[in-house]
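Asks: what would the 3D arrangement of this be:
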Amino acid sequence: MAIVRRSRVDIDLSTVDWAALEAVPEARIEAQIIADQDTAPLFTDDELARARRVQPSVAPAEIKSMRARLGLSQEQFAARFGFSVETLRNYEQGHRRATGPVGVLLRVIAKEPDAVTRALAK
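Replies: Just a heads-up that it's a prediction; the model follows:
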């Protein structure tokens with residue numbers, strides 16, 4: 001049987017038998033999903049429950065270019081955003097990786113530096 005790809009625009013929702021769809025048992029739906037390799041879940045429910053979202057670290061070059069784009073020295077950047085100068089140097093030189101909350105903060109600084117400055121203002 002040929003596969004025909006359609007978007008939601010192609011479907012006339014007024015012709016759908018919603019009562020019949022509601023009557024389909026959940027077990028049958030799950031069996032159809034599992035049987036179809038294109039729609040089968042990639043992870044089991046247990047694997048999904050244990051999964052965590054991981055943000056990639058911010059590359060040293062990204063940190064340097066962000067600081068340069070803002071026109072700040074290492075000392076100014078560190079003071080403005082609450083880093084120690086030594087930590088910032090370690091990130092820029094690749095001696096430490098900017099992961100976790102620090103990585104998220106750096107990504108927010110890259111997109112919205114003024115918002116971070118306002119949030120940190122006393």
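
Asks: every contact and neighbour count from this point should use C-alpha atoms.
Replies: Will do.

Asks: quick one: contacts of the helix or strand where Ala49 lies?
Replies: Secondary-structure element containing Ala49, defined by DSSP states H and E: helix 45-50. Outside of helix 45-50, no residue comes within contact range by Cα atoms under 8 Å, 6 or more residues apart in numbering.

Asks: I'd like the next helix or strand past that helix.
Replies: helix 60-70.

Asks: that following helix: how far from the chain's middle?
Replies: Per Cα atoms, centre = their mean, to the nearest Å, the displacement of helix 60-70 from the mean C-alpha position of its chain is 21 Å.

Asks: go through it and flag the buried ones.
Replies: Neighbour-count burial for helix 60-70 flags Pro60, Ile63, Lys64, Met66, Arg67 (criterion: 16 or more other Cα atoms under 10 Å).

Asks: output these in JSON lines, with distance to Gly100 and pLDDT appended to each entry.
Replies: Shown next, in JSON lines, are the buried residues of helix 60-70 (distance: Cα to Cα, whole Å; pLDDT from 0 to 100):
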{"residue": "Pro60", "distance to Gly100": "15", "pLDDT": "96"}
{"residue": "Ile63", "distance to Gly100": "15", "pLDDT": "96"}
{"residue": "Lys64", "distance to Gly100": "19", "pLDDT": "96"}
{"residue": "Met66", "distance to Gly100": "18", "pLDDT": "95"}
{"residue": "Arg67", "distance to Gly100": "20", "pLDDT": "95"}
